[in-house]
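Trainee: Mind looking at a prediction? Sequence and model below.
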Amino acid sequence: MLVYNLFPLLAGPCGSWEPHLKRAADMGFDWVFLNPVQKPGASGSLYSTVDYFQLNPLLIDQRSKKSGDEQLQATLALAGKLGLKVMVDLVINHCAFDSELTRQHREWFIIENGEIAHPFCIENGQKVVWGDLVRFNHQHTSDPEGLYRYFYQIVEYLLKLGFKGFRCDAAYQVPGQLWRRLIQEVRQKYPDTLFTAETLGCTADQTKQTAQAGFDYVFNSSKWWDFHGAWLMEQYQLVREIAPSISFPESHDTERLFQEVNGNEAAMKQRYLFAALFSAGAMIPIGFEYGFRRRLHVVNTRPTDWESPNIDLCGFIGRVNAIKRQYRIFQEECPTSLLPYQNPNILVMWKASAQTHEEALIILNKDPWNHQYFYAENLGIYIQAGAPLIDVSPDYPLEYIPRPFSYDLRPGQAFVLVTSRDHMPH
């Protein structure tokens, strides 16, 4: 999956999304992810749904003769013509505190001290409570069938609008057996529906447990990797045989990368290339390609927050996505190892496809500010294949691989080398 996150509050009414969809298709993305499109409650947060069967008024052109549902259906049909499938956030771990559901079906919610409970998290030792949200009682409701049927209706409503899949928000907070049943029953009627699990902040074991409910993809945490620690590879190896994962250099929940790296274009390229080629799936939010600096906000962002491009990475992202599409090894979670190298500022990553004869070697300058020197008497020592390595790098590819191999890597630069084995790995 190559996913472009079209953040609806920045893009505005759905009738104006066409240029964003075209740009995503031109860059080689095949999926678009939309944050929640349903009507929010009093807080205005996209993730605080007050009515699951009405659309957010901000996404609808009020002057149009078409209903909101018809407008969105037309936009999703347009995406399909451009070769894009669209998935949407599915938020069923909580809803808005001012939803009618809290009065009609009090038994569906967690009650604490006589009141419906709000979700919370612990941040820096402090309890942070989301007062605009209330928690569904998945585990102990007296009406489990009624609650389940309601969730099924939400999914069916969104599928009938034209969505092809779901990013399941905070999937680990919903019991695995509920997901298992929902995914199974939805696919009996809509067999090609895709389910991805948002698992950020989970331990590797929690991620593994969530993935086992039948999800097609989970999201990994490579965005926070410093290119040195062991944890990312440990997490990758633990989960990769259960479900493939999606990497991203930034998301709607994080600061903008361009802001974090003080406008360093080399760091932007380095981080997208790594995210795209490390795992089976990759995602960027709208504006990443232009080096936007202003963080996306689930309440306050508006189309007027659109920035003038600081850089233009559309061509580079398109070339990386083309590499990913051309070589199966970059579309799967395959055996992957970090190989030792004397310069700690250079990453040498080896990948071997478990489905084809392909093998890949990525030599990446971890330092986006300075040149780093790489030398190898023979790059063949890093691979198992007998066939020659081919350089398919998105920038500065070499026509042939010299021996010995000596190169002064530019800041953040990566070589992407592929080859083919004469036998499959064990």
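Mentor: Okay, I see it.
Trainee: if you average pLDDT over stretch 206-219, what comes out?
Mentor: Stretch 206-219 carries an average pLDDT of 90.
Trainee: List of residues touching that stretch?
Mentor: 1, 165, 168, 171-172, 176-177, 179-180, 183-184, 194-200, 202, 235, 238-239, 242-246, 248, 280-281, 283 (Cβ atoms under 8 Å, 6 or more residues apart in numbering). For every residue, glycine as well, the C-beta is placed using N, CA and C.
Trainee: Separate out the buried members of these.
Mentor: Buried members of these, scored by 16 or more other Cβ atoms under 10 Å, are 1, 165, 168, 171-172, 176, 179, 183, 194-200, 202, 235, 239, 242-246, 248, 280-281, 283.
Trainee: now, which of those lie within strands?
Mentor: Secondary structure from DSSP state E places 165, 168, 194, 195, 196, 197, 245, 246, 281, 283 of these in strands.
Trainee: so where do the helices sit in the stretch 251-400 of the chain?
Mentor: Ranges of helices in the stretch 251-400 of the chain, per DSSP state H, counting those that start in this stretch, are 257-260, 265-278, 314-326.
Trainee: so can I have a markdown table of the ones you listed showing distance to residue 374?
Mentor: Below are the helices of the stretch 251-400 of the chain laid out as a markdown table (distance: least, Cβ to Cβ, whole Å):
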| stretch | distance to residue 374 |
| --- | --- |
| helix 257-260 | 25 |
| helix 265-278 | 15 |
| helix 314-326 | 20 |
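Trainee: Endpoints of stretch 161-180, how far apart?
Mentor: 23 Å (Cα to Cα, to the nearest Å).
Trainee: now swap in stretch 102-118 and tell me
Mentor: 12 Å.
Trainee: and that stretch, how far from the chain's centre?
Mentor: Here stretch 102-118 is found 32 Å from its chain centre; the criterion is Cα atoms, centre = their mean, to the nearest Å.
Trainee: what's next to it, contact-wise?
Mentor: 97, 101, 129-131, 133-137, 141-143, 146-147, 150.
Trainee: now swap in stretch 49-68 and tell me
Mentor: Contacts of stretch 49-68 (Cβ under 8 Å, 6+ apart): 8-9, 12-15, 36-42, 46, 69, 71-72, 74, 91, 95-96, 98-100, 153-154, 157.
Trainee: now, which of these lie within strands?
Mentor: 38, 39, 40, 95, 96.
Trainee: Domain ranges for the protein, per the record?
Mentor: Annotated domains of the chain cover 2-93+142-326, 336-420 [automatic domain parsing].
Trainee: mind checking pLDDT for the nearest residue to residue 132 once chain neighbours are set aside?
Mentor: Among residues not flanking residue 132 along the chain, residue 43 sits closest, at 3.6 Å (Cβ to Cβ, 6 or more residues apart in numbering). For residue 43, the pLDDT comes out at 96.
Trainee: mind pulling up the phi and psi values for residue 43?
Mentor: phi -70, psi -20 (degrees, to the nearest 10).
Trainee: and it, what does it touch?
Mentor: 96, 132, 299.
Trainee: Could you do residue 101 as well?
Mentor: 95, 108, 109.
Trainee: Going by neighbour count, which of these comes out on top?
Mentor: Highest neighbour count within these: residue 95, with 26 neighbours (other Cβ atoms under 10 Å).
Trainee: which residues touch it?
Mentor: 41, 48, 49, 50, 52, 101, 133, 134, 136.
Trainee: Same list (the contacts of residue 101) but as CSV, adding pLDDT and distance to residue 400.
Mentor: As requested, the contacts of residue 101 are arranged in CSV below (pLDDT from 0 to 100; distance: Cβ to Cβ, whole Å):
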residue, pLDDT, distance to residue 400
95, 97, 60
108, 98, 65
109, 97, 65
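Trainee: Go through the residues you listed and name the one nearest residue 274.
Mentor: Residue 274 has its nearest neighbour among the contacts of residue 101 in residue 95, at 36.7 Å by Cβ to Cβ.
Trainee: And the closest one, how far from residue 17?
Mentor: 26 Å (Cβ to Cβ, to the nearest Å).
Trainee: Repeat that for residue 350.
Mentor: 40 Å.
Trainee: between the two, which one's more packed in?
Mentor: Neighbours per residue (other Cβ under 10 Å) separate residue 350 from residue 17, with residue 17 holding more: 24 against 16.
Trainee: That one contacts residue 74, correct?
Mentor: No - when contacts are counted by Cβ atoms under 8 Å, residue 17 is not listed as touching residue 74 (10.4 Å).
Trainee: re earlier: buried ones among the contacts of stretch 49-68?
Mentor: By 16+ other Cβ under 10 Å, the contacts of stretch 49-68 give 8-9, 12-15, 36-41, 46, 69, 71-72, 91, 95-96, 98-99, 154 as buried.
Trainee: so the closest residue in space to residue 413 that isn't next to it in sequence bridges to which residues?
Mentor: Distance criterion Cβ to Cβ, 6+ apart; nearest residue to residue 413, sequence neighbours excluded, is residue 365 at 5.1 Å. According to DSSP bridges, the residues that bridge with residue 365 are residue 346.
Trainee: What's the separation between residue 365 and residue 93?
Mentor: 41 Å.
Trainee: same deal with residue 344?
Mentor: Distance, residue 344 to residue 93, using Cβ to Cβ: 41 Å.
Trainee: More neighbours: which of the two?
Mentor: Ranked by neighbour count (other Cβ under 10 Å), residue 344 and residue 93 place residue 93 first, with 19 against 12.
Trainee: so what's the backbone phi/psi at the more buried one?
Mentor: According to degrees, to the nearest 10, residue 93 has phi -90, psi -20.
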